[in-house]
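In: sequence and predicted structure are below.
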Amino acid sequence: AMSSTGKANMKKNLYWRLHHWVGLYTGILIGILSLTGALAVFIPEIDAWILKNHYAATSTSTAGTIRFGNSVHTLAQQYPNYSSMMINLPETEGQVASVDLIVPSAGKGSERHDFLIDVGGDRIVAWRNHQNSLANYLRQMHVRLYEGYWGRQLVGLGGIGLAVVAITGLAIYGNFMKKQAWPAIRQKANIRIIMADWHKMLGISALAFNLVIALTGAWLGLQPQLMRWFNITTPNAYKAPVIMEPDADRAL
C-alpha cells in the first residue's frame, strides 16, 4: 500500500502539472484580455481623439446649446426601415453627438452606423461603420478574441482555467507562504527565484480577485451553452398581454 506521504506527493505533482499546463493557456489568454481590457477603459478618450483628428468631427455649440432634432429627422427619413436608434450626447463643449443607427443592408442583414452631429449647427458632419471603429475592435477582442462563436467559448474556457490555476496555486503554495514574512522577495537569489517569489506573492494576493474574474468570465463566455443546458430563457422572449385591441386604441 502506498504511504500517506507518497499519496501527498502524487497529489502535489498533479497540482503542479495542472498549474503549469493550464497556466500556459490561461497566461497567454489573460495577457491578451488584460491588454485589451486596459485599453478599453480609455475608449471614450481614445474615440474622442479619433473623431476630432481622423473624422474632423467637431461641434460649434456653446455651453447649454444642443440641437440635433433636424439631423435625427433627416436620418429617420433616409433610413425608414431602421431597427434601432441610440443618441449619445456630447460630454464636453466642442464634442459632437452621435446617432447609433442599425439599418438593413443588402446581403448582410443589417449594419450599424454612427452618424456624427454638430450640435451647434444641427448638421451631420461625418459617419462611420461602427463595426470598423477602434472601440468595437477592442471590445470584440476582449470579449471573444474577434471570433464570433468559438472565440467566446475560448474566453469562457480561459475563465475555468484561471479558476483552476488559482485553486491549484493555493494548494501548492499555501503552506509555503505561511512560513514566509509577508511580503518576502529573496533579492540576493537568482532571477528565477526572484520571479518565483513575485509570482507566489502576487498570485496569493490576487486570489479572490482572480476567482471573481474567472467565474464571471467563464459564465459570460460559455453563456450560450449554459443557457441551453439549463434551459434558461431570455427576457426578450417575454410578450406583454394585449390590453386594448388596435381598433379600439385608434378610436380612443
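Out: That came through fine.
In: and stretch 171-190, end to end?
Out: Using Cα to Cα, to the nearest Å, the end-to-end distance of stretch 171-190 comes to 25 Å.
In: next one: that stretch to chain centre, how far?
Out: 34 Å (Cα atoms, centre = their mean, to the nearest Å).
In: is residue 139 in contact with residue 39, as I believe?
Out: No - using Cβ atoms under 8 Å, residue 139 makes no contact with residue 39, being 10.3 Å away. C-beta: built from backbone N, CA, C; applies to glycine.
In: and the strands in the stretch 1-150 of the chain?
Out: Per DSSP state E, counting those that start in this stretch, the stretch 1-150 of the chain carries strands over the ranges 84-88, 97-105, 109-118, 123-129.
In: ok, which of the ones you listed comes nearest residue 217?
Out: Among these, the nearest to residue 217 by Cβ to Cβ is strand 109-118 (25.2 Å).
In: CA atoms of that closest one as PDB?
Out: The C-alpha trace of strand 109-118 is given here as PDB (Å, rounded to 0.1, in the frame of the first residue of the first chain):
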ATOM      1  CA  GLY A 109     -28.700  41.500 -42.800                       C
ATOM      2  CA  SER A 110     -28.000  44.800 -41.100                       C
ATOM      3  CA  GLU A 111     -25.300  47.300 -40.500                       C
ATOM      4  CA  ARG A 112     -24.600  49.600 -37.500                       C
ATOM      5  CA  HIS A 113     -23.700  53.200 -38.500                       C
ATOM      6  CA  ASP A 114     -22.500  56.100 -36.300                       C
ATOM      7  CA  PHE A 115     -23.600  59.500 -37.600                       C
ATOM      8  CA  LEU A 116     -21.800  62.400 -36.000                       C
ATOM      9  CA  ILE A 117     -23.700  65.600 -35.500                       C
ATOM     10  CA  ASP A 118     -22.500  69.200 -34.900                       C
END
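In: now it and strand 97-105, what's the angle there?
Out: Here strand 109-118 runs at an angle of 160 degrees relative to strand 97-105 (axes from the mean of the first three to the mean of the last three Cα atoms, to 10 degrees).
In: what mean pLDDT does strand 109-118 get?
Out: Strand 109-118 shows a mean pLDDT of 93.
In: that one pairs with which strands, and in what direction?
Out: strand 97-105 (antiparallel), strand 123-129 (antiparallel) (DSSP bridges).
In: circling back: how about the strands of the stretch 1-150 of the chain in TSV, adding distance to residue 21?
Out: Below are those laid out as TSV (distance: least, Cβ to Cβ, whole Å):
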stretch	distance to residue 21
strand 84-88	44
strand 97-105	43
strand 109-118	40
strand 123-129	41
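In: for residue 172, which of those strands is the nearest?
Out: Closest of those to residue 172 is strand 109-118, at 46.9 Å (criterion: Cβ to Cβ).
In: for residue 177, find the nearest of the strands paired with strand 109-118.
Out: The nearest among those, by Cβ to Cβ, is strand 97-105 at 49.1 Å.
In: and that closest one, what's buried?
Out: Buried positions in strand 97-105, judged by neighbour count with 16 or more other Cβ atoms under 10 Å: 97-99, 101-103.
In: return the alpha-carbon coordinates of it using PDB.
Out: Provided in PDB are the C-alpha atoms of strand 97-105 (Å, rounded to 0.1, in the frame of the first residue of the first chain):
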ATOM      1  CA  ALA A  97     -23.300  64.000 -30.700                       C
ATOM      2  CA  SER A  98     -23.600  60.600 -32.300                       C
ATOM      3  CA  VAL A  99     -26.600  58.700 -33.600                       C
ATOM      4  CA  ASP A 100     -26.100  55.000 -33.500                       C
ATOM      5  CA  LEU A 101     -28.400  53.500 -36.200                       C
ATOM      6  CA  ILE A 102     -28.900  49.900 -37.200                       C
ATOM      7  CA  VAL A 103     -30.100  49.800 -40.800                       C
ATOM      8  CA  PRO A 104     -30.900  47.000 -43.300                       C
ATOM      9  CA  SER A 105     -28.100  46.100 -45.600                       C
END
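In: no further queries at this time; thank you.
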